[in-house]
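Undergrad: sharing a model prediction with you, sequence too.
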Amino acid sequence: MTSVRSAPVPVPRIGARAGLIAVWLVVYSNGLLFFIARQGLDRPGTWEGPVLRPAIVLSTLVGVGLVVLDGQRMTGARLRSVSRVAFGAATGFGVWAAVSAVWSLDPDISRWWGIVYIGLPCVAWVIADSSAAQIRSGVALGSGVLVVLSLVVVVIDPAVGTDINDDWRGVMTNRNGLAPICGVALFAGLALAASRRWVVGVGLSTVALIGLLGSGSRTAWLALAFGCGVATIIVGARRAFLREPRPWIPRLMFGVAAGGLFGLAAGVARLWDDPTFGQRRAIWRLVSDHIADAPVVGNGFAAFWQVPELHTDPLLQRGSAHGSVPEVLLGTGVVGLLLWATVVVLAVIGVGRAVWREPGVESWFWVALVAFLVVENLTESFILWFSYNWILLIAAALRFGVVAGSRPVRTPERVPALAD
């Protein structure tokens, strides 16, 4: 009797688009650039130095060029249409940041940072235009490189790869830089495993968990638990509802989600007096005094941290407000906060709509990722660092936002397969 062997699952190669996404993730994570400048070239390692500024500007120009030259493609393949509101809000944030140079405490910093931020939505557009497999592969490759390199540095040279508390930082600037990229790598690894790329997916998830454990970042674990929990509950409940549309399933889903939010709040409350949150609360109080100086327009994007005489408290010498909301208010005021919040809200709503239409691997990945990034933004100033965090949130808002003139996608009659 002849046995019939199932055909092996093809493993797609890393294409040019996925490779570009990986390079962008490495560049906009910033950590490896600082590591090269400080450890490799023995330079101070600053944003305006010979390593970071050229890499960030060139990466952004590539994204802008791909969008500007989109109409000149010989093949006729064009970038997908995206939400104009999301793109306008993200670009508007960069314009407002650049305009803040007029009243900024440091006009030069606000000007060049703001100009770069005008171009970041183009980078996000190219990412949003990519296929689900390209995005997963690119994010997995970029984050995987950073995590693996970090673990290698920790093992080979612990004095460089760890901080004064023996927490791992690897090639990143600190544990709060390593832990989030480990979280992103974990989501990519789980999505790859769910797409039947078991070896790569499980391997990446394993090294990401090791990095998370070594970093010791409590905020990253909270964000990770929230992202995984929200995505799994929503996708699972929606798939169950599509198989058997019983009215109690949505109610159960919202009930469990509310319980998850309560659990997250309880975790934060338990750690409220821990230095993790105690120091952040102290920084937020100190920063609020300077926010009050210019609440509507801010003190100039990224400018406050360039004026040492204003850092009267040692906590203000850490270089950020440890939270994107106070950071945006400090630099760009209420106007900037409205633009930033528009992108974040559209990203959240967009991935929510996507998972409701088609609860599969892609929607799980994006829901988990967006939830994770939003929580991380509440405790770290990712908006300040040309960060992949901000770019991925824009990409989510562009990819899943409502496009003018588009027709609503009909809900499938059966549960879609997990593969793309």
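TA: Looks like it arrived, so ask away.

Undergrad: and the next helix or strand past the lowest-mean-pLDDT helix or strand in the chain?
TA: Ranking every helix and strand in the chain by mean pLDDT, DSSP states H and E puts helix 248-270 at the bottom, with a mean of 67. Remark: after helix 248-270, the chain's next helix or strand is helix 275-291, criterion DSSP states H and E.

Undergrad: chain center to that next one, what's the gap?
TA: Taking the mean of its C-alpha atoms, helix 275-291 sits 23 Å from the chain's own mean (CA atoms, centre = their mean, to the nearest Å).

Undergrad: so which bits of the helix or strand following that helix are buried?
TA: Counting by DSSP H and E, the next helix or strand C-terminal to helix 275-291 is helix 324-357. By 16 or more other CB atoms under 10 Å, the buried positions in helix 324-357 come out as 324-333, 335-337, 339-340, 342-344, 346-348, 350-355, 357. C-beta here means a position set from N, CA and C on the backbone, and glycine is covered the same way.

Undergrad: list the helices and strands helix 324-357 packs on?
TA: When contacts are defined as 3 or more CB pairs under 8 Å, 6 or more residues apart in numbering; DSSP states H and E, helix 324-357 packs onto helix 84-99, helix 218-243, helix 275-291, helix 361-379, helix 388-400.

Undergrad: reformat the ones you listed as CSV; add distance to residue 208 and mean neighbour count.
TA: Listed next are the helices and strands packed on helix 324-357 as CSV, based on distance: least, CB to CB, whole Å; neighbours: other CB atoms under 10 Å:
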stretch, distance to residue 208, mean neighbour count
helix 84-99, 28, 21
helix 218-243, 10, 20
helix 275-291, 21, 15
helix 361-379, 12, 24
helix 388-400, 15, 27
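
Undergrad: okay, these in a markdown table with mean pLDDT next?
TA: Output for the helices and strands packed on helix 324-357, formatted as a markdown table (pLDDT from 0 to 100):
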| stretch | mean pLDDT |
| --- | --- |
| helix 84-99 | 97 |
| helix 218-243 | 87 |
| helix 275-291 | 86 |
| helix 361-379 | 95 |
| helix 388-400 | 97 |
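
Undergrad: could you point out which of those helices sits nearest residue 21?
TA: helix 388-400 (9.5 Å; CB to CB).

Undergrad: mind saving the C-alpha coords of the closest one as CSV?
TA: Taking C-alpha atoms only, helix 388-400 is exported to CSV below (Å, rounded to 0.1, in the frame of the first residue of the first chain):
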residue,chain,number,x,y,z
TYR,A,388,9.8,52.1,15.2
ASN,A,389,7.1,52.3,17.8
TRP,A,390,5.7,55.5,16.2
ILE,A,391,6.2,54.2,12.6
LEU,A,392,4.4,50.9,13.3
LEU,A,393,1.5,52.8,14.9
ILE,A,394,1.2,55.0,11.7
ALA,A,395,1.5,51.9,9.5
ALA,A,396,-1.4,50.2,11.4
ALA,A,397,-3.5,53.4,11.0
LEU,A,398,-2.7,53.6,7.3
ARG,A,399,-3.2,49.9,6.6
PHE,A,400,-6.5,49.4,8.4
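
Undergrad: what about it, distance to the chain center?
TA: Distance, centroid of helix 388-400 to centroid of chain: 8 Å (CA atoms, centre = their mean).

Undergrad: gap between the two ends of stretch 40-53?
TA: 16 Å (CA to CA, to the nearest Å).

Undergrad: what about it, average pLDDT?
TA: Averaging pLDDT along stretch 40-53 yields 91.

Undergrad: for residue 320, find the nearest of the helices and strands packed on helix 324-357.
TA: helix 275-291 (8.3 Å).

Undergrad: remind me which residues of the stretch 51-200 of the chain are low pLDDT?
TA: Counting by pLDDT under 70, the stretch 51-200 of the chain contains low-confidence residues at 71-77.

Undergrad: how about the helices in it?
TA: 52-68, 84-99, 107-129, 132-156, 158-161, 175-194, 198-215 (DSSP state H, counting those that start in this stretch).

Undergrad: looking at the helices and strands packed on helix 324-357, which is nearest to residue 23?
TA: With CB to CB, the closest approach to residue 23 among the helices and strands packed on helix 324-357 belongs to helix 388-400: 11.3 Å.

Undergrad: circling back: tell me which of the helices of the stretch 51-200 of the chain lies nearest to residue 247.
TA: Of the helices of the stretch 51-200 of the chain, nearest to residue 247 by CB to CB is helix 175-194, at 28.3 Å.

Undergrad: residue 116 contacts residue 60, correct?
TA: Yes: between residue 116 and residue 60 there is a contact under CB atoms under 8 Å: 5.4 Å.

Undergrad: those two: which has the busier surroundings?
TA: residue 60 (23 against 19; other CB atoms under 10 Å).

Undergrad: distance of the more buried one from residue 176?
TA: Distance of residue 60 to residue 176, given as CB to CB, to the nearest Å: 24 Å.

Undergrad: buried sites along stretch 201-221?
TA: 201, 203-205, 207-212, 214-221.

Undergrad: rewinding a little: what's the most buried one of the helices of the stretch 51-200 of the chain?
TA: Across the helices of the stretch 51-200 of the chain, the average number of neighbours (mean count of other CB atoms under 10 Å) peaks for helix 175-194, which reaches a mean of 26.

Undergrad: any chance of the helices and strands packed on helix 324-357 in a markdown table, plus distance to residue 182?
TA: Formatted as a markdown table, those follow (distance: least, CB to CB, whole Å):
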| stretch | distance to residue 182 |
| --- | --- |
| helix 84-99 | 26 |
| helix 218-243 | 7 |
| helix 275-291 | 17 |
| helix 361-379 | 11 |
| helix 388-400 | 13 |
